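Visitor: just a sequence and a predicted model for now, questions to come.
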Amino acid sequence: MTLDIRLPLGAFFALLGALLTAYGAATLGEPATAPTGVPIDLVWGAVLLAFGFGLLALVRRGR
Amino acid sequence: MLLYFAFVLGIGATLRRYVHTSEDFFLSGRSIPAWVTGLAFISANLGAQEVIGMGASGAKYGIATSHFYWVGAIPAMIFLGLFMMPFYYGSRARSVPEYLRLRFDEKTRAVNAVSFAVMTVFSSGISLYAMGKLLNLLLGWSFDASILVAACVVLVYIFLGGLTSAIYNEVLQFFLIVLGFAPLVLLGLRAVGGWPGLSARLAEHATARGFAAGAYTRSWAFMGHAAANPVGVEWFGLVMGLGFVLSFGYWCTDFLVVQRAMAANSMTAARRTPLIAAVPKMLFPFLVIVPGMLALVVSPTSGVRNAGPAAAATITSTTATNLPQPPPTSAPASGVVPPKLDRRTGAPLHDAAGRVVLDYDLATPMLLVTFFPAGLLGLGLTALLASFMSGMAGNVTAFNTVWTYDLYQSYLRRAAPDSHYLAMGRYATIVGVVISIAAAYVAASFNNIMDFLQLVFAFVNAPLFATFALGMFWKRATGHGAFAGLLAGTLAAAAHHGLSLPVGATVGVKGGYLGSLTTYPSELAQTFWTAIVAWTACFVVTILVSLVTRPRAPDDLPGLVWGLTPKPTDPTLRWYQRPAALAVLVLAFTLALNLVFF
């Protein structure tokens, strides 16, 4: 099997993370966006973005 | 969600180029690395039952639900990796029923193939039903259209890429579910003051229901007596029924999960597959059970939305508007878990004691709606959708393999070219999805489908595990013995179920149809004991019939029976990469988790 699954996975989560981060930044401070005081869209978007890029970095290193 | 669907279909289209033979389609050409098959191994089981069902059980039974993992799944996965996988992988059988043919005979295989095929489409139908409800809720499509669209997406990606496509998507679904639910647990715990806060609130709930304060947050302390814990079962029934029979029966013989390990690229990778899978699996209670426990105690106003009755009605409804608003819940300690509504009148249901019956299945979805703002809610709901698709795709790929290899090739058309079986696998995928659609409508007409499914496992998987245990470890076991044992086990399960009833249940699908000899504190306790009876009957009858029938010559059994098969060795691996070392590590961590939450 020649398709390294980390490549599409990394791309998927990086894209998803970028979308969520942008949405979180655009709605920052608006009502009903920060459960328990955490702007979670922005924070978790960054986590997904980092995870996606982490996987892509692993693919690059493996080549 | 659109991104997710694009990815899922893209994977199928990309992998189509690599599928040339039936083995590519059904077993991925045995070419996938262990970490991928390991994640697919748990993801295939990560369906609606797991994500919704374990959340529901977390709310209903508390941390004791973790026994499904720390007593049940993990030891069984270790046993599969260390002792059973050498036979599955080494015998070159293409399916679990095919192993039964090689070890025993055609009739034993036929019984297993038919019962397994029925079970897979039934499970797949439940996932499809849950998926249809979710799409209906999110996009406002009719229930019929939602089911059709969901079925088409699953059909296309399996049709194109076969098992590899299913496995690759399962890996995506694994990460999506972990990353989609982790923030839910973090936010929920933050809202209640961490684990100490959750324990304190659940202590109030426990005492209100007549249990000791720690009954929902300690997994073993109250297992001495069935009446002292919310599960309604004592330690022996738990360890034997769930830990030994049901869990080993499911994880070691169910082709749906074993198929993932059989796709691995070497014997060592196949053995490591369930062991690698056990590492995240042992942490899953925090991801899927804790949300249910949180849902029971968080304040409906502690998140970004007030998860009051109106939100519950929206989620409960299949057409979003056809149910009247329920009255405000009168149960003070139910958190965001809504009352179960009568589907005809829309009024909350009450049990025999007059208490409001809670709709535990909605515990996790309601917590999502309470805590996630718009952006993350999309991710959370996509993760839920992914779990349903994962459950359905897993069942459909297992169904097409068993149908093509174990029924069609064995009994209908024996000597066709490989391309014919590849085409048949694709047709079987279509048929499997069509039957799943029918099963989804059957599921919609039941209100206790999960209880029913557990019971089916007790009838089918529990006796099967006795057959496998004797087949793999006792060379004297015969085909006639295995066949008679399987029938006796299933009949004994039916007899036990027919003569017992859970407290408060009515005679019918929950038992008692042969008379009421005994009652159990809960459905789960009844299921555990049904499984124990089924396993014991199969075990004893297989031994007795084997002793009076002629065994196969030992020369026929290498690769099929322990003791006649060379032990697998891994001389090229470092000590910590070997399956046995991995198993010890996993077992030690599982023991530690049991002690921490004792």
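Guide: Structure's in. What do you need? Numbers count the residues shown, from 1 in each chain, chains lettered A, B, ... in the order given.

Visitor: and residue 31, what's its pLDDT?
Guide: Defaulting to chain A. pLDDT recorded at residue A:31 is 82.

Visitor: actually, chain B is the one I wanted.
Guide: For residue B:31, pLDDT reads 59.

Visitor: go through the helix or strand containing residue B:456 and flag the buried ones.
Guide: For residue B:456, the element it lies in under DSSP states H and E is helix B:449-473. Of all the residues in helix B:449-473, those buried under the rule 16 or more other Cβ atoms under 10 Å in any protein chain shown are B:449-451, B:453-472. (Glycine included, C-beta is placed from N, CA and C.)

Visitor: which helices and strands sit right next to the helix or strand just after it?
Guide: Next in sequence after helix B:449-473, counting helices and strands by DSSP H and E, comes helix B:479-498. Here helix B:479-498 touches helix B:106-139, helix B:449-473, helix B:523-547, going by 3 or more Cβ pairs under 8 Å, 6 or more residues apart in numbering or on different chains; DSSP states H and E.

Visitor: in three-state terms, label the residue in chain A that chain B sits nearest to for me.
Guide: Residue nearest to chain B within chain A: residue A:41 (3.7 Å; Cβ to the nearest Cβ). Under DSSP: H, G, I helix; E, B strand; the rest coil, residue A:41 falls in the helix class.

Visitor: that one: neighbour count?
Guide: The criterion is other Cβ atoms under 10 Å in any protein chain shown. On that basis, residue A:41 has 29 neighbouring residues.

Visitor: which residues are in contact with the nearest residue to it once chain neighbours are set aside?
Guide: Here the nearest residue to residue A:41 in space, its sequence neighbours aside, is residue A:24; by Cβ to Cβ, 6 or more residues apart in numbering or on different chains that works out to 3.2 Å. By Cβ atoms under 8 Å, 6 or more residues apart in numbering or on different chains, the contact list for residue A:24 reads A:33, A:39-45, B:375.

Visitor: looks to me like residue A:24 is in a helix.
Guide: Yes. Under the criterion used here (three-state DSSP), residue A:24 sits inside a helix.

Visitor: I'd like the distance between it and residue B:402.
Guide: According to Cβ to Cβ, to the nearest Å, residue A:24 and residue B:402 sit 46 Å apart.

Visitor: again with residue B:305
Guide: Going from residue B:305 to residue B:402 by Cβ to Cβ gives 44 Å.

Visitor: ditto for residue B:439
Guide: Distance from residue B:439 to residue B:402, counting by Cβ to Cβ: 16 Å.

Visitor: more neighbours: which of those two?
Guide: Using other Cβ under 10 Å as the criterion, residue B:439 and residue B:402 rank with residue B:402 on top: 28 against 23.

Visitor: the residue nearest to residue B:544 when sequence neighbours are not counted: neighbour count?
Guide: Closest residue in space to residue B:544, ignoring its immediate chain neighbours: residue B:481 at 7.6 Å, by Cβ to Cβ, 6+ apart. Residue B:481 has 27 neighbours, counted by other Cβ under 10 Å.

Visitor: domains of chain B?
Guide: When chain B is parsed with automatic domain parsing, its domains come out as B:2-445+B:552-568+B:578-596, B:449-551.

Visitor: ok, of those, where does mean pLDDT dip lowest?
Guide: Among the domains of chain B, domain B:2-445+B:552-568+B:578-596 carries the lowest mean pLDDT, at a mean of 81.

Visitor: now do the end-to-end distance for that one.
Guide: Distance between the two ends of domain B:2-445+B:552-568+B:578-596: 41 Å, counting by Cα to Cα, to the nearest Å.

Visitor: so which residues on chain A come close to chain B?
Guide: Applying Cβ under 8 Å from any Cβ of the partner chain, one finds that chain A approaches chain B through A:1-3, A:5, A:8-9, A:12-13, A:15-16, A:19-20, A:23-24, A:27, A:32-36, A:38, A:40-41, A:44-45, A:47-48, A:51.

Visitor: hmm, 6 Å instead?
Guide: Contact residues, chain A versus chain B (Cβ under 6 Å from any Cβ of the partner chain): A:1, A:5, A:12, A:20, A:23-24, A:32-33, A:35-36, A:40-41, A:44.

Visitor: got the angle for the helix or strand harbouring residue B:186 vs helix B:106-139?
Guide: Secondary structure from DSSP H and E places residue B:186 in helix B:143-192. Orientation check (axes from the mean of the first three to the mean of the last three Cα atoms, to 10 degrees): helix B:143-192 against helix B:106-139 gives 80 degrees.

Visitor: which other residues reach the helix or strand just after helix B:143-192?
Guide: Moving toward the C-terminus from helix B:143-192, the next helix or strand (DSSP H and E) is helix B:194-208. Helix B:194-208 has contacts (Cβ atoms under 6 Å, 6 or more residues apart in numbering or on different chains) with B:192, B:213, B:215-217, B:297, B:333.

Visitor: can you name the residues in contact with the following helix or strand past helix B:194-208?
Guide: Downstream of helix B:194-208, the first helix or strand assigned by DSSP H and E is helix B:235-237. Residues outside helix B:235-237 that contact it (Cβ under 6 Å, 6+ apart) are B:223, B:528.

Visitor: what does stretch B:296-309 give?
Guide: By Cβ under 6 Å, 6+ apart, the surrounding residues in contact with stretch B:296-309 are A:32, A:35, B:59, B:191-192, B:201, B:326, B:328, B:335-337, B:366, B:369-371, B:373.

Visitor: now do the same contact list for residue 9.
Guide: Just going to use chain A. Taking Cβ under 6 Å, 6+ apart as the criterion, residue A:9 is in contact with residue A:55.

Visitor: to clarify, I was referring to chain B.
Guide: B:156-157 are the contacts of residue B:9 under Cβ under 6 Å, 6+ apart.

Visitor: check which helix or strand covers it.
Guide: Secondary structure assignment for residue B:9, by DSSP H and E: helix B:2-15.

Visitor: from the chain's centre, how far out does that helix sit?
Guide: 25 Å (Cα atoms, centre = their mean, to the nearest Å).

Visitor: for stretch B:286-297, same thing?
Guide: Put simply, stretch B:286-297 sits 18 Å off its chain's centre (Cα atoms, centre = their mean).

Visitor: so where do the helices sit in chain A?
Guide: Assigned by DSSP state H, the helices in chain A fall at A:6-26, A:40-62.

Visitor: got the residues of chain B near chain A?
Guide: For chain B, the contact set with chain A under Cβ under 6 Å from any Cβ comprises B:7, B:31, B:168, B:171, B:183, B:187, B:190-191, B:303-304, B:371, B:373, B:375-376.

Visitor: where does the single nearest residue of chain B relative to chain A land in three-state SS?
Guide: At 3.7 Å from chain A, residue B:375 is the closest residue in chain B, using Cβ to the nearest Cβ. Assigned with three-state DSSP, residue B:375 falls in the helix class.

Visitor: residues contacting the closest residue in space to it that isn't next to it in sequence?
Guide: Residue nearest to residue B:375 in three dimensions, not counting chain neighbours: residue A:41, with 3.7 Å by Cβ to Cβ, 6+ apart. Residues in contact with residue A:41, defined by Cβ under 6 Å, 6+ apart, are A:20, A:23-24, B:373, B:375-376.

Visitor: save those as CSV, and put in distance to residue B:341 too.
Guide: Conversion of the contacts of residue A:41 to CSV gives the following (distance: Cβ to Cβ, whole Å):
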residue, distance to residue B:341
A:20, 34
A:23, 34
A:24, 35
B:373, 27
B:375, 30
B:376, 28
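
Visitor: which pair of the residues you listed spans the longest distance?
Guide: Within the contacts of residue A:41, A:20 and B:373 form the most distant pair, 10.4 Å apart (Cβ to Cβ).

Visitor: could you find the closest non-adjacent residue to residue B:62?
Guide: Using Cβ to Cβ, 6+ apart and skipping residues adjacent in sequence, the residue nearest residue B:62 is residue B:216, 3.0 Å away.

Visitor: what score does residue A:56 have for pLDDT?
Guide: Per-residue confidence (pLDDT) for residue A:56: 92.
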